[in-house]
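1. Got a predicted structure plus its sequence, pasted below:
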Amino acid sequence: MPHRPHDYTEASACTGKIAHTEWSDAEAAVQRIVAENIDAGTPKHSNGLGAYRCPFCGSWHVGHSLQGYKAAPSGWSAAAAVARRR
């Protein structure tokens, strides 16, 4: 059964993750990870990856959606992600 948003636990949402104080810092980390995945030939590992406000500590973390890999958002492209980092 897939997880639902209310299935968050502190262990899955917070424990062991970097706590970013600003959304922009977490989003920059997402972009770095996306670029690394593209360089490694594994761009699908970035599907569902994003920054989110932690309901436990209030910081911003980077992680995948609870549903796991999902389709990239409309307008997302690997080429655009690479271009943004240069």
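-> Structure's in. What do you need? Numbering: from 1, shown residues only.
2. where along this structure do the strands fall?
-> Assigned by DSSP state E, the strands in the chain fall at 49-53, 60-64.
3. so which of these is the most packed in?
-> Among the strands of the chain, the stretch with the highest mean neighbour count (mean count of other C-beta atoms under 10 Å) is strand 60-64, at a mean of 18. Heads up, the C-betas are built off the backbone N, CA and C, glycines and all.
4. average pLDDT for that strand?
-> In this model, strand 60-64 carries a mean pLDDT of 88.
5. again, but for stretch 28-41
-> 93.
6. and it, which residues are buried?
-> Judged by neighbour count (16 or more other C-beta atoms under 10 Å), stretch 28-41 contains these buried residues: 29-31, 34-35, 37-38.
7. Test my guess that residue 19 contacts residue 59.
-> Yes - using C-beta atoms under 8 Å, residue 19 makes contact with residue 59 at a distance of 3.6 Å.
8. Just want to know which of those two has more residues nearby.
-> residue 59 (17 against 13; other C-beta atoms under 10 Å).
9. Kindly export the top helix by length along the chain (C-alpha atoms) in CSV.
-> With secondary structure taken from DSSP state H, the chain has its longest helix at helix 23-39. Extracted in CSV, the C-alpha atoms of helix 23-39 (Å, rounded to 0.1, in the frame of the first residue of the first chain):
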residue,chain,number,x,y,z
TRP,A,23,14.0,27.1,1.3
SER,A,24,16.5,28.5,-1.3
ASP,A,25,19.4,26.6,0.3
ALA,A,26,17.4,23.3,0.2
GLU,A,27,16.4,24.0,-3.4
ALA,A,28,20.0,24.6,-4.3
ALA,A,29,20.9,21.2,-2.8
VAL,A,30,18.1,19.7,-4.9
GLN,A,31,19.7,21.2,-8.1
ARG,A,32,23.1,19.9,-7.1
ILE,A,33,21.7,16.4,-6.6
VAL,A,34,19.9,16.5,-9.9
ALA,A,35,23.0,17.5,-11.7
GLU,A,36,25.0,14.8,-10.0
ASN,A,37,22.4,12.2,-10.9
ILE,A,38,22.5,13.3,-14.6
ASP,A,39,26.3,13.2,-14.6
